[in-house]
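In: okay, structure incoming, though there's no sequence with it:
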């Protein structure tokens with residue numbers, strides 16, 4: 001086991017961009033696979049849709065993975081100190097700059113790959129409620145990550161937390177975790193966002 005860990009660590013040191021992008025892509029695809037597995041419990045005849053998993057592969061390997069890698073390197077260089085104030089600042093910057101942009105890219109890119117006529121419709125309907133949810137999840141996670149974890153361990157931390165978050169994002173993508181504003185107005189519901197279980 002120690003030998004395997006040493007090899008993995010060596011890969012991250014030798015090819016940090018590839019290793020980080022691969023880790024994130026594996027997590028995002030695994031999260032989608034998990035969602036489909038859960039759905040199969042309620043729909044036994046449902047087949048795995050590897051086309052959808054392929055779309056998450058493209059998102060993770062071509063967009064999210066490389067962007068996260070370079071952004072966090074820049075952030076660590078700009079704010080190298082490990083204090084509570086600096087960690088909170090990093091988390092806020094991460095949410096305000098990176099997360100807000102990547103969520104818009106996520107919904108738009110998925111709509112493009114799905115061949116939707118209006119590739120911005122889903123993003124307009126789901127961006128704001130998803131972003132609010134991401135702030136509740138990622139700000140505390142990233143504060144702890146920046147404050148307590150050394151840089152070499154952050155990839156593992158973000159990877160594990162990304163698996164949880166991407167499961168939430170997959171639910172949002174399917175409209176199971178967040179009801180759009182249009183749906184809620186039709187239902188005359190007073191709630192601004194509704195979390196639902198599968």
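Out: Thanks, I have it. No experiment lies behind these values; they were computed from the predicted model shown.
In: tell me the pLDDT at residue 148?
Out: For residue 148, the model assigns a pLDDT of 90.
In: pull the contacting residues for it.
Out: The contact partners of residue 148, by C-beta atoms under 8 Å, 6 or more residues apart in numbering, come to none. Where you see a C-beta, it was placed from the backbone N, CA and C, and this is true even at glycine.
In: how near is it to residue 99?
Out: Going from residue 148 to residue 99 by C-beta to C-beta, to the nearest Å gives 20 Å.
In: equivalent analysis for residue 134, please.
Out: Counting by C-beta to C-beta - residue 134 and residue 99 are separated by 5 Å.
In: now swap in residue 67 and tell me
Out: Distance of residue 67 to residue 99, computed by C-beta to C-beta: 11 Å.
In: can you check residue 66 too?
Out: From residue 66 to residue 99 the distance is 16 Å (C-beta to C-beta).
In: more neighbours, the two?
Out: More crowded of residue 66 and residue 99, by other C-beta atoms under 10 Å: residue 99, with 21 against 16.
In: check contacts around residue 29.
Out: Listed by C-beta under 8 Å, 6+ apart, the contact set of residue 29 reads 53, 56, 57, 60.
In: dump these to a markdown table, plus secondary structure and neighbour count.
Out: Converted to a markdown table, these look like this (DSSP: H, G, I helix; E, B strand; the rest coil; neighbours: other C-beta atoms under 10 Å):
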| residue | secondary structure | neighbour count |
| --- | --- | --- |
| 53 | helix | 17 |
| 56 | helix | 26 |
| 57 | helix | 16 |
| 60 | helix | 25 |
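In: which members of those are the farthest-apart pair?
Out: 53 and 60 (10.4 Å; C-beta to C-beta).
In: centroid residue for the chain?
Out: residue 166 (4.5 Å; C-alpha atoms, centre = their mean).
In: how near is the closest residue to it other than its chain neighbours to residue 56?
Out: The shortest distance from residue 166 to any non-neighbouring residue, by C-beta to C-beta, 6 or more residues apart in numbering, is to residue 31 (3.6 Å). According to C-beta to C-beta, residue 31 stands 8 Å off from residue 56.
In: which neighbours do the two have in common?
Out: Listed contacts common to residue 31 and residue 56 are residue 166; contacts here mean C-beta under 8 Å, 6+ apart.
In: what segments of this protein are strands?
Out: Assigned by DSSP state E, the chain shows no strands.
In: what segments of it are helices?
Out: For the chain, the helices defined by DSSP state H occupy 2-14, 16-42, 50-58, 65-78, 84-93, 100-113, 121-148, 151-174, 181-187.
In: low pLDDT regions in this protein?
Out: Counting by pLDDT under 70, the chain contains low-confidence ranges at 1-2, 152-153, 155-156, 170, 173-198.
In: ok, now with 50
Out: 177-178, 180-182, 184-198 (pLDDT under 50).
In: coming back round to it: looking at the contacts of residue 29, which is nearest residue 21?
Out: Closest to residue 21, out of all of the contacts of residue 29 and judged by C-beta to C-beta, is residue 60, at 7.3 Å.
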